[in-house]
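J.: show me the folded form of this:
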Amino acid sequence: MLFPILGIVLVGMIALALRYRYLNKKIDNDNDAFYERERKANSTPAKDISNLKFLEIPLDKFPIGEIDDPEVKEIENRLSDLSAKEILNLTGKTNTDLKEEYGVTNFEKMQQYGENFNDLTIALVDYGNELMLRNRYDDAIKVLEYGIAVKTDMSKNYTLLGDCYMEKGQVRKIQFLRDQAEHYEGIMKDSILRHLDKLIASSDSLEDFQE
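T.: Purely as a prediction, here's the structure:
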C-alpha cells in the first residue's frame, strides 16, 4: 500500500517541478521581451505631436463662482488651473507605449499631459460630490457627464452620476450609463455595474409600488 502512495507523491513532485521550470522560463522570456522592447522604445525618434487634440474643460457650463464655500472654491481653482494646461487621456498606456508612439524626446511632455488628465478626473469627482451635497444635482450631472464624455477611469464618477439620475428620476439615463460602463476597463467595473443595477432595480420596485 505504501509503494502506490509514494509513486503518486513522486509523480506529483515531478509534475510540480516541471511546472515550476516552465513558469520560470516563461517569466525569463517575458522579461527579455520587455527589456528588448524598452531598449527599442528608448531609440524611437521624435514624432510630430503638433496636431494632438487636447481636452477642453467647459467651465462656462459649470456653476463656477456661484457657491460661497472654501472647499468648492478650492476645487474650482483646480479646474481653472487645469483649463490652461494641455490634457490628454492616456489611460492604460505604459511608459514604453508613450515612447514608442510619440518618440522618446516627447516622453516627459506626454507624461505630464497624462498626469493633467488624472488631476482632471479627480477634480471632476470632487466637484460633483460637493455639488450633490448641496442638492445641486443638475449642476453635478453636467460635471459628471463631462467626466464620462472624456472617458474617466474614476469609478466614483459613474456611481455618483447614477445617484444623481436616481435623485432626478431619470431612470433611462441610468440604463444608458450602465451600457457605457460595460466598456469600462478598470478593475472596478463589476462594482460600478452592481451599483447601477441596484439603482435600476430600486427604480423598478418604486414604479411597481406606485402602480
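J.: contact partners for Asp197?
T.: Taking C-beta atoms under 8 Å, 6 or more residues apart in numbering, we find Asp197 in contact with Arg178. In short, each C-beta sits where N, CA and C put it, glycine included.
J.: what's the next secondary structure element after the helix or strand of the chain with the lowest mean pLDDT?
T.: Here the helix or strand of the chain ranked lowest by mean pLDDT, DSSP states H and E is helix 2-41, holding a mean of 60. Heading C-terminal from helix 2-41, the first helix or strand you meet, by DSSP states H and E, is helix 70-83.
J.: that next one packs against which elements?
T.: helix 107-133 (3 or more C-beta pairs under 8 Å, 6 or more residues apart in numbering; DSSP states H and E).
J.: next structured bit after the helix it packs on?
T.: Elements were assigned by DSSP H and E; along the chain past helix 107-133, the next helix or strand is helix 137-149.
J.: what residues sit buried inside that following helix?
T.: The neighbour-count check on helix 137-149 (16 or more other C-beta atoms under 10 Å) flags Tyr137, Asp139, Ala140, Ile141, Lys142, Val143, Leu144, Glu145, Tyr146, Gly147, Ile148 as buried.
J.: stretch 184-193: end-to-end distance?
T.: Stretch 184-193 has an end-to-end distance of 10 Å (C-alpha to C-alpha, to the nearest Å).
J.: picking that back up, between the buried residues of helix 137-149, which is nearest Pro58?
T.: Relative to Pro58, the closest of these is Tyr146; by C-beta to C-beta it sits at 6.4 Å.
J.: hang on, that closest one packs against Pro58?
T.: Yes: judged on C-beta atoms under 8 Å, Tyr146 makes contact with Pro58 at a distance of 6.4 Å.
J.: residue nearest the centroid of this protein?
T.: Centroid check for the chain by C-alpha atoms, centre = their mean gives Asp153 as the closest residue, at 1.4 Å.
J.: make a markdown table out of the buried residues of helix 137-149 and add pLDDT.
T.: Formatted as a markdown table, the buried residues of helix 137-149 follow (pLDDT from 0 to 100):
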| residue | pLDDT |
| --- | --- |
| Tyr137 | 98 |
| Asp139 | 98 |
| Ala140 | 98 |
| Ile141 | 98 |
| Lys142 | 98 |
| Val143 | 98 |
| Leu144 | 98 |
| Glu145 | 98 |
| Tyr146 | 98 |
| Gly147 | 98 |
| Ile148 | 98 |
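J.: closest to Arg39 among these?
T.: Ranked by distance to Arg39 (C-beta to C-beta), the buried residues of helix 137-149 are led by Gly147 at 37.4 Å.
J.: quick one: contacts for the residue nearest to Tyr184 when sequence neighbours are not counted?
T.: Excluding the flanking residues, the one nearest Tyr184 by C-beta to C-beta, 6 or more residues apart in numbering is Ile192, at 6.2 Å. By C-beta under 8 Å, 6+ apart, Ile192 lies in contact with Ser155, Tyr158, Thr159, Ala181, Tyr184.
J.: again, but for Lys47
T.: So Lys47 contacts Glu101, Tyr102, Gly103, Asn106 (C-beta under 8 Å, 6+ apart).
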